[in-house]
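# need coordinates for the following:
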Amino acid sequence: MKFIVSSSYLLKQLQVLGSVINNSNTLPILDNFLFELDNNSLKVSASDLETTMTASLEIDSSSTGSVALPAKLLLETLKTFPEQPLTFTVEDNNTVEISSNSGKYALAFAPGEEFPKSVALEDPSATLVPADVLSTAINKTIFAAGNDDLRPVMSGVFFQFSPQSLIFVATDAHKLVKYARTDVVASEVADFIMPKKPLNILKGILGATDAEVKIEYNDSNATFTLENYILTCRLIDGKYPNYDAVIPKENPNKLIINRVQFLNSVRRVAIFANKTTHQIRLKIAGTELNISAEDIDYSNKADERLTCDYQGDDIQIGFNSRFLTEMLTNLTSDEIQLEMSMPNRAGILTPIDGLDEGETVTMLVMPVMLNS
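Predicted structure coming up:
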């Protein structure tokens, strides 16, 4: 088995695949990349048993075979090479020899057959989604997913497909984001919960392409196919909470304000908030928004006034400044609307401009109780 490949081309693919590999694996074989050679086509795979990713490379070869090579050692070596062709040759003494312009390097390999096989989806449903739509959906929702091991269903992003729309939802019970598209639809109704790790890996490669992503899914696994990558992952098992029931429908108090101005104000005032509650207070009356925070233990306090466009009753409501900051940072519009009903009901943030046709973003943030 022998092949020639460009050093920078191989490094680029392996760096993407490397993000699949865990720092500590239960099976030693998972510390390797699987190389499968079939003449001019080379498939390289990485897996942590839950998630498997494969990249297809075009190379120069006339042989076939498969070997598993140590990922860390290979990545560290490739990073040091300037752009040049590298020749990989499998030797008789259970090593792979890499020849460069300046030297030769031998790596011990494991037989390719020992590497776990990727799951083949039986009878999957399929949906095509433009890469930029999927990328935006992941970026807009993933930050709101939880990290609680006791509630695994909330640690992923909920995909809800139908012939009317595609909906993506994430929540950790304190904040919730719903991203919907009516301009991209699926042929049948389906829903599943995607874990965060494969979504973060996808996020890294989706930005660089404008192709369509083929998403195939059944009850237990999903596969994402785009250009030269295939990512297969196990889905989170369980029923997603009824997020629609949490979103308040009647919100008579509506505040419209410049997003960046509001974000900067919240960030500044939050510095003076209590370090455990991160609580800030919004007091809205007429066209004036008053943002304040106080840390009684250290006698720190801050107070800012902004002019805004407000319709509704005078209201005082408390929020966790970190959640508010995260949401405002993840929106890209110039102006946002904050809808509220009562100080103990969730506030709803929505962008007013900068959306595509058929695109909606709804962010919900739970209030914190104010000490009067």
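
# buried ones in stretch 253-269?
253, 255, 257-259, 262-263, 265-266, 269 (16 or more other Cβ atoms under 10 Å). For glycine as for every other residue, the C-beta is placed from the backbone atoms N, C-alpha and C.

# equivalent analysis for stretch 227-243, please.
229-236, 240-241, 243.

# just the strands in the stretch 51-200 of the chain please.
51-58, 64-70, 85-90, 95-99, 104-108, 110-111, 125-130, 156-161, 166-171, 175-181, 190-195 (DSSP state E, counting those that start in this stretch).

# any idea which of these gets closest to Ile352?
strand 175-181 (16.2 Å; Cβ to Cβ).

# tell me the buried residues in stretch 174-191?
174-181, 184, 186, 190.

# tell me which of the residues you listed is nearest to Leu289?
Among these, and counting by Cβ to Cβ, the member closest to Leu289 is Lys175, at 20.5 Å.

# isn't the closest one right up against Thr325?
No: assessed by Cβ atoms under 8 Å, Lys175 is found out of contact with Thr325, at 11.0 Å.

# tabulate the buried residues of stretch 253-269 (JSON lines), appending secondary structure and pLDDT.
Putting the buried residues of stretch 253-269 into JSON lines (DSSP: H, G, I helix; E, B strand; the rest coil; pLDDT from 0 to 100) gives the following:
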{"residue": "Asn253", "secondary structure": "strand", "pLDDT": "97"}
{"residue": "Leu255", "secondary structure": "strand", "pLDDT": "97"}
{"residue": "Ile257", "secondary structure": "strand", "pLDDT": "97"}
{"residue": "Asn258", "secondary structure": "strand", "pLDDT": "97"}
{"residue": "Arg259", "secondary structure": "helix", "pLDDT": "97"}
{"residue": "Phe262", "secondary structure": "helix", "pLDDT": "98"}
{"residue": "Leu263", "secondary structure": "helix", "pLDDT": "98"}
{"residue": "Ser265", "secondary structure": "helix", "pLDDT": "98"}
{"residue": "Val266", "secondary structure": "helix", "pLDDT": "98"}
{"residue": "Val269", "secondary structure": "helix", "pLDDT": "98"}
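
# and of these, the nearest to Val129?
The closest of the buried residues of stretch 253-269, once distances to Val129 are taken by Cβ to Cβ, is Arg259, at 27.1 Å.

# in the sheet, who's paired with the nearest residue to that closest one once chain neighbours are set aside?
Leaving aside its sequence neighbours, Arg259 sits nearest to Ile336 (Cβ to Cβ, 6 or more residues apart in numbering; 4.7 Å). Judged by DSSP bridges, the bridge partners of Ile336 are Ile257, Pro351.

# can you pull the contacts of Ile336?
256-257, 259, 262, 328, 349-352 (Cβ atoms under 8 Å, 6 or more residues apart in numbering).

# equivalent analysis for Thr64, please.
Taking Cβ under 8 Å, 6+ apart as the test, what Thr64 contacts is 1, 37-39.
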